[in-house]
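# Pasting a predicted model and its sequence here:
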Amino acid sequence: MRGQSFLGGAALGFLAVGAYVGLVASPPDAFQGEYVRIMYVHVPNAWVAYVAFAITCIASALYLAKRTPVYDYVAHSATELGVVFTGLALVTGSIWGRPVWGTWWTWDARLVTTAVLFFIYLGALLVRGLADDPQRGARLAAVVSIIGFLDVPVIHYSVVWFRTLHQPASLTPGDTKMALPMLAALLLGLLAFTALFAYLLTLRIRLARAEDTGEAA
Amino acid sequence: MRALDRVAAVTSKDLLLEWRGRQTATAMGMVALLIILFLGFVLGSEPARAPAVLWVAMGFAAVLGIPRLTQAEVEQQALETLLLYPGSREHIYWGKFLALVIMLTALLVLLCALVGVLFNIPIWTHLPALIAVGLFGVIGLAAIGTLLAGVVLHVRARELLMPILLLPLALPVVLGCLRLTEAALAGRGEGVWLVVIGVFDLTALLVCPILFEVVMEES
């Protein structure tokens, strides 16, 4: 409980500092102008979404191997949050794309992959909700999550080679061409959203556990 | 009973059931046919569009047909009996997989002929390459489809769930086969896409049978 409140406080603090640095302290971009600030939210959202799906995959595999309910709580919670953050990443990306690329949506590889991911995990949630009993739902959702995650690289490359135009990844190790305040804003954003995600995850896991024990009682 | 016999028994059971009713095959064929007619009419029937139309139709026909693969088990309450037979559940997967491969292949042959006529494509001259591409695609669709047919077995609104499960997961198959079909019709090789489909088929064939056993567990 104590740790959870601390995590929540940290997330709030990072978000506040990140908002200040991102909106006030960092300069506008030479090409993108003020719109670059959307990146400080968009990139962390996408990052958190991918982290969430990685956690889902690992927790699902552990659940299928060990059948301990706690892994299922983690998988369920991470799937839900992953879907939310993927949705946010798609929306913020679209808002950014309108002024910078001149279009709300393009058939670019990373956009399509992210949209496809969104549907795969939405499918996993639906399977869980529509299954005839909760335990079977947990198992089926784990199966869909695992096969979905294994499918991601193939989906990504197939979409890349189909057609592409996205700018290269924003941060590649050893090669950062960003001004220091902008880099700080981006890193703060990543930190803040990761902390926020961790906080929400612990909260959601607690809820899942409470629901499960409540149903059993 | 040896493993191969068990697989063959499941396959022949599913195919026999389908042959007696022929509902799924008819429905899949009709839907695919309608999609080809619609897309051909709406987009125009230039030969260059044919591969895309063909594989989109295949994808949607698969969405329709795959939940039917476990329909008999649901309607006749035959699942327990099927699971009670001795031996590994993987054999059930392979049996149903083979049945689905055969049905999808039959459908693909029909659609190829139809697209060849409607879009004015000389299929005969490119037949060997087209057969290879088709086999790759059908195996990919069937491998993931058999697993999903098991997943929707115990889910309400099973038919409604299939598109959202199958279409995103099978996207690489549709994209890859589309490009490979284009390449085959143009008479060139397309190594990258062979790798994509190859990797997809291999991963699916390795992972899906294992996950199928999890799916088939009784509650």
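Okay, I see it. Residues are numbered from 1 along each chain as shown, chains lettered A, B, ... in the order given.
# do you know how far the most centrally placed residue in chain A is from chain B?
With distances taken as CA atoms, centre = their mean, residue A:49 lies nearest the centre of chain A, 1.1 Å away. Per CB to the nearest CB, to the nearest Å, residue A:49 is found 15 Å from chain B. (Each C-beta comes from the backbone N, C-alpha and C, glycine too.)
# Surely that residue and residue A:85 touch.
Yes - if you go by CB atoms under 8 Å, residue A:49 and residue A:85 touch, sitting 4.1 Å apart.
# The helix or strand where residue A:97 lies packs against which elements?
Assigned by DSSP states H and E, residue A:97 belongs to helix A:69-100. Judged by 3 or more CB pairs under 8 Å, 6 or more residues apart in numbering or on different chains; DSSP states H and E, the packing partners of helix A:69-100 are helix A:36-66, helix A:109-130, helix A:134-162, helix A:180-216.
# Let's have the ones you listed in CSV, adding mean pLDDT.
Formatted as CSV, the helices and strands packed on helix A:69-100 follow (pLDDT from 0 to 100):
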stretch, mean pLDDT
helix A:36-66, 91
helix A:109-130, 90
helix A:134-162, 88
helix A:180-216, 87
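# Just send these back as a markdown table, with distance to residue B:129 too.
Shown next, in a markdown table, are those (distance: least, CB to CB, whole Å):
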| stretch | distance to residue B:129 |
| --- | --- |
| helix A:36-66 | 36 |
| helix A:109-130 | 27 |
| helix A:134-162 | 19 |
| helix A:180-216 | 47 |
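# Can you give me the buried ones in the helix holding residue A:97?
By neighbour count on 16 or more other CB atoms under 10 Å in any protein chain shown, the buried set for helix A:69-100 is A:69, A:71-90, A:92-94, A:96-97, A:100.
# Quick one: distance of that helix to the chain centre.
Taking CA atoms, centre = their mean, to the nearest Å, the mean C-alpha location of helix A:69-100 is offset from the chain mean by 4 Å.
# any idea of the angle it forms with helix A:109-130?
With axes from the mean of the first three to the mean of the last three CA atoms, to 10 degrees defining the directions, helix A:69-100 sits at 140 degrees from helix A:109-130.
# what is the rounded mean pLDDT of helix A:69-100?
Here helix A:69-100 scores 91 as its mean pLDDT.
# Which neighbouring elements make contact with the helix or strand harbouring residue B:58?
Applying DSSP H and E as the criterion places residue B:58 in helix B:50-65. Secondary-structure packing of helix B:50-65 (3+ CB pairs under 8 Å, 6+ apart): helix B:23-43, helix B:90-118, helix B:127-151, helix B:158-169, helix B:171-186.
# Show me what counts as buried in the second one.
It refers to helix B:90-118. B:90-105, B:107-108, B:111-112, B:114-116, B:118.
# Good, we can wrap up now.
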